[in-house]
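[1] turn this into a model:
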Amino acid sequence: MKNIIIIISSFLLLVIAFLAFYAHWNAASPTKTCASCHEISHSVDLWAGSTHRNIACKECHGTALSEGIHSLKEKGGMLFHHSKKIKPEDVRISEYQRLNVMERCRSCHQTEYAKWNSGGHAMNYSEVFLNPVHNKTETIYDDCLRCHGMFYDAGTVKDIVEPLDAAGPWKLKDVRLSDRPAIPCFACHQVHQAGNPGKRQNLETPASIHYSRIEETLTSFYYRRDNMYFPVLLLISPKVNYQSVSVKISQDPDQSLCLQCHSPNAFNMSGTDDDRTPRGVHEGISCLACHDSHSNSTLASCKNCHPAISNCKLDVEKMNTTYKDQTSKNNIHFVACIDCHSKGRPTKHTNP
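    Sure thing, here's the model as predicted:
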């Protein structure tokens, strides 16, 4: 009986010691915990200079036990590599872990998440890879993962959907992928990107409020083939042309991010493939001048630039364009004056 009590007491002491150490580890500064593992010191350095520098790693990534078997396997692998002095592979979070982090993004970015969830970028794997209209137009191939499912880490596109042809019918090889987001937050946002935390404006000098709101863009493009992010300021927009004439492209840095996926064909011809680069009356304006960055909504965007009544004495939102009617022959992205005024500029109307 005495031996049993000693064994139980020893076990309880070990459990208490483990829980105490675990609690201390999670409460300690990441510079004293995560940074002590040199494999991820680079990520810690990026975090220290990011807008999330005052948020503990566990708030986004969870703890060593919160991710279940995957975390235990990963941590066990690190210990094995250290003990055997084996150079470990780059430590990268899996697609599954990214989606868990994205769910935690909701706690702080509720509005942005809600908008994303209501927009076109919230499409899942089924909606992308089982779309019969698109699949019959363009055969599924590996570069689809450049924009859809860019974090898929279990193989290539042939491991996601079959058959890879334009005939179909198509099906997912793993039904568990069905509802998985194909364009998560991390497609455009690098969480550890350098930036400044938000701060209250100085109301003692109202004239400076406008300038304090001018911030560098915090979006990036994730390039799957190199497993790395490129800040939008480093991206180069393609030279888009229409009828052998160059189309003026907005200098908005985020425009170059849109063009990475909404891009023209190999000849950079405007309006081909997924290109939506504005031309005609909207040439040169940014996508984000009309589209909300997270929901993609364009509701009431016309009113941002146009008066209620145009020079033609018509409400621009009621004109025959795809803004009003999806079946209109006048695509809002490419509509030009001549599309409606085939006889030239009309005589200016004057009030009597």
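
[2] from here on, just use CA atoms for contacts and neighbour counts.
    Noted.

[3] tell me, how many residues neighbour Glu317?
    19 (other C-alpha atoms under 10 Å).

[4] how near is it to Ala308?
    9 Å (C-alpha to C-alpha, to the nearest Å).

[5] cool, Pro169 as well?
    With C-alpha to C-alpha as the criterion, Pro169 and Ala308 are 48 Å apart.

[6] contact partners of stretch 250-258?
    188, 217, 219-221, 232-233, 235-237, 284-288 (C-alpha atoms under 8 Å, 6 or more residues apart in numbering).

[7] where's the dip in pLDDT among the residues you listed?
    In terms of pLDDT, Thr217 ranks lowest among the contacts of stretch 250-258, with 70.

[8] give the contact list for that one.
    Val232, Pro253, Asp254.

[9] bridging residues for the closest residue to the first one other than its chain neighbours?
    Going back to what we said before, that points to Val232. Using C-alpha to C-alpha, 6 or more residues apart in numbering and skipping residues adjacent in sequence, the residue nearest Val232 is Ser220, 5.1 Å away. Applying DSSP bridges to Ser220 gives these bridge partners: Pro231.

[10] strands of this protein, start to end?
    161-162, 171-172, 220-223, 228-231, 241-242, 245-246 (DSSP state E).

[11] buried deepest among those, which one?
    Neighbour counts (mean count of other C-alpha atoms under 10 Å) averaged over each of the strands of the chain peak at strand 220-223, with a mean of 22.

[12] contacting residues around Asn241?
    Val247, Asn268, Met269, Ser270.

[13] mind listing what the third one touches?
    Spelled out, it's Met269. Val240, Asn241, Tyr242.

[14] from Pro278, how far off is the last one?
    Right, Tyr242. Tyr242 is 11 Å from Pro278, by C-alpha to C-alpha.

[15] so who does the residue nearest to Gln190 when sequence neighbours are not counted touch?
    Take Gln190 and drop its neighbours on the chain: the residue closest to it by C-alpha to C-alpha, 6+ apart is Ser220, 6.1 Å away. Contact analysis of Ser220 by C-alpha under 8 Å, 6+ apart lists Ala187, Cys188, His189, Gln190, Tyr229, Phe230, Pro231, Val232, Leu257.

[16] and which of those residues is nearest to Gly62?
    Set against Gly62, the nearest of the contacts of Ser220 by C-alpha to C-alpha is Gln190 (17.8 Å).

[17] do you know how far the closest one is from Cys57?
    15 Å.

[18] all helices of the stretch 251-352 of the chain, in order?
    Using DSSP state H, counting those that start in this stretch, the helices of the stretch 251-352 of the chain run over 253-261, 337-340.

[19] out of those helices, deepest packed?
    Among the helices of the stretch 251-352 of the chain, highest average neighbours (mean count of other C-alpha under 10 Å) belong to helix 253-261, with a mean of 20.

[20] need the helix or strand of the protein with the lowest average pLDDT.
    Using mean pLDDT, DSSP states H and E, helix 69-84 stands out as the lowest-scoring helix or strand of the chain, at a mean of 69.

[21] coming back round to it: dump the contacts of Asn241 to JSON lines, plus distance to Asn331.
    Shown next, in JSON lines, are the contacts of Asn241 (distance: C-alpha to C-alpha, whole Å):
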{"residue": "Val247", "distance to Asn331": "16"}
{"residue": "Asn268", "distance to Asn331": "19"}
{"residue": "Met269", "distance to Asn331": "16"}
{"residue": "Ser270", "distance to Asn331": "12"}
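
[22] highest neighbour count among the residues you listed?
    Ser270 (23 neighbours).

[23] now do the same for Lys58: its pLDDT.
    Value for Lys58, per-residue pLDDT: 81.

[24] go on, Lys87?
    Model confidence at Lys87 (pLDDT) stands at 62.

[25] what's the neighbour count on Val133?
    Considering only other C-alpha under 10 Å, Val133 is surrounded by 9 other residues.

[26] doesn't Ala48 make contact with Asn196?
    No: applying C-alpha atoms under 8 Å as the test, Asn196 and Ala48 come out as separate, 10.6 Å apart.

[27] what about the two, which has more around it?
    Ala48 (19 against 14).

[28] from Leu233, how far out is the more buried one?
    21 Å.

[29] got it, and Asp252?
    For Asp252, the distance to Leu233 - C-alpha to C-alpha - is 10 Å.

[30] contacting residues around the closest residue to Gln201 other than its chain neighbours?
    Distances taken as C-alpha to C-alpha, 6+ apart put Ile209 closest to Gln201, at 6.1 Å, once the chain neighbours are dropped. By C-alpha under 8 Å, 6+ apart, the residues touching Ile209 are Gln201, Asn202, Leu203.

[31] with pLDDT and distance to Asp292 added, can I get these in a markdown table?
    Listed next are the contacts of Ile209 as a markdown table, based on pLDDT from 0 to 100; distance: C-alpha to C-alpha, whole Å:
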| residue | pLDDT | distance to Asp292 |
| --- | --- | --- |
| Gln201 | 76 | 24 |
| Asn202 | 78 | 28 |
| Leu203 | 81 | 28 |
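
[32] show the pLDDT at His121.
    Reported pLDDT for His121: 95.

[33] that one against Ala187, yeah?
    No: the criterion here is C-alpha under 8 Å, and His121 misses it with Ala187 at 9.7 Å.

[34] next, the buried residues of stretch 135-149.
    Asn135, Ile140, Cys144, Leu145, Arg146, Cys147, His148, Gly149 (16 or more other C-alpha atoms under 10 Å).
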